[in-house]
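Novice: kindly generate the corresponding structure for this input.
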Amino acid sequence: MNNWSFFREAIRNFRSTGAIARASPLLIKRLIESVPSRVPLTVIELGPGDGCITSALLGRLHSESSLTAFEINPAFVQRLGCLADPRLRVLPVGAELLTDHFSPGSVDFVVSSLPLSMIPQVTKEEIIRQAQVVLRPEGHFLQYQYALQDYGLLKDSFDKVSVGFTLANLPPAFVYSCSLGLV
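Specialist: Below you'll find the predicted structure:
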């Protein structure tokens, strides 16, 4: 999917897409640079959209890793289905159903492109709570946002939160790396 196709789909479903353009290569690099490539991992991606981050993750992940994408937009689900990789499983359900698909402490990384600022507070808190439940003690929650609006929620939910920033995206974006700090 090119930027024009992504833009058209984003306009049709802006509340669930929350973006006007695909994530830039630099944003993708910053978001997933802490994901190791030499060991098998269990990774969840929330709101993968058309799969630009999904593709980068698949290119980075160990051959024995698994990646499960939670995506509610049918057009994006169809597009993700074109990424023929046996490590990828696409679930056409919301991110608030993480614990229906993963047991506690079974996930190494949750990589999120969800437009948190557009998600109702109760749902947003439930997504973060479920991410905490499924993450291993040494696991990480990675998120990018266009504003610092949800920094407080992430700071209250995770023991360790670091924030980076990149101008090389439309619009510029903050990148969060969060961990439970149990290790």
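Novice: just name the shakiest helix or strand of the protein by mean pLDDT.
Specialist: Within the chain, no helix or strand scores below helix 14-17, which has a mean of 44 by mean pLDDT, DSSP states H and E.
Novice: work out the gap between the next helix or strand after it and the centre of the chain.
Specialist: As assigned by DSSP states H and E, the chain's next helix or strand after helix 14-17 is helix 25-32. Taking Cα atoms, centre = their mean, to the nearest Å, the mean C-alpha location of helix 25-32 is offset from the chain mean by 12 Å.
Novice: what residues does helix 25-32 touch?
Specialist: 23, 52-53, 56-57, 60, 111, 142, 144, 164, 166, 168-169, 173, 175 (Cβ atoms under 8 Å, 6 or more residues apart in numbering). Placement of C-beta: from N, CA and C, glycine included.
Novice: again, only this time at 10 Å
Specialist: Here helix 25-32 makes contact (Cβ atoms under 10 Å, 6 or more residues apart in numbering) with 22-24, 43, 45, 52-57, 59-61, 109, 111-113, 142-144, 164-170, 172-177.
Novice: any of these buried? List them.
Specialist: 22-24, 43, 45, 52-57, 60-61, 109, 111-113, 142-144, 166, 169, 173-177 (16 or more other Cβ atoms under 10 Å).
Novice: return the subset of the contacts of helix 25-32 lying in helices.
Specialist: The helices, defined by DSSP state H, take in Cys52, Ile53, Thr54, Ser55, Ala56, Leu57, Gly59, Arg60 from these.
Novice: the fourth one touches Ala84, doesn't it?
Specialist: No: counting by Cβ atoms under 10 Å, Ser55 does not reach Ala84; the two are 11.4 Å apart.
Novice: which residue is nearest the centroid of this structure?
Specialist: Centroid-nearest residue in the chain, with Cα atoms, centre = their mean: Ser112, separated by 1.8 Å.
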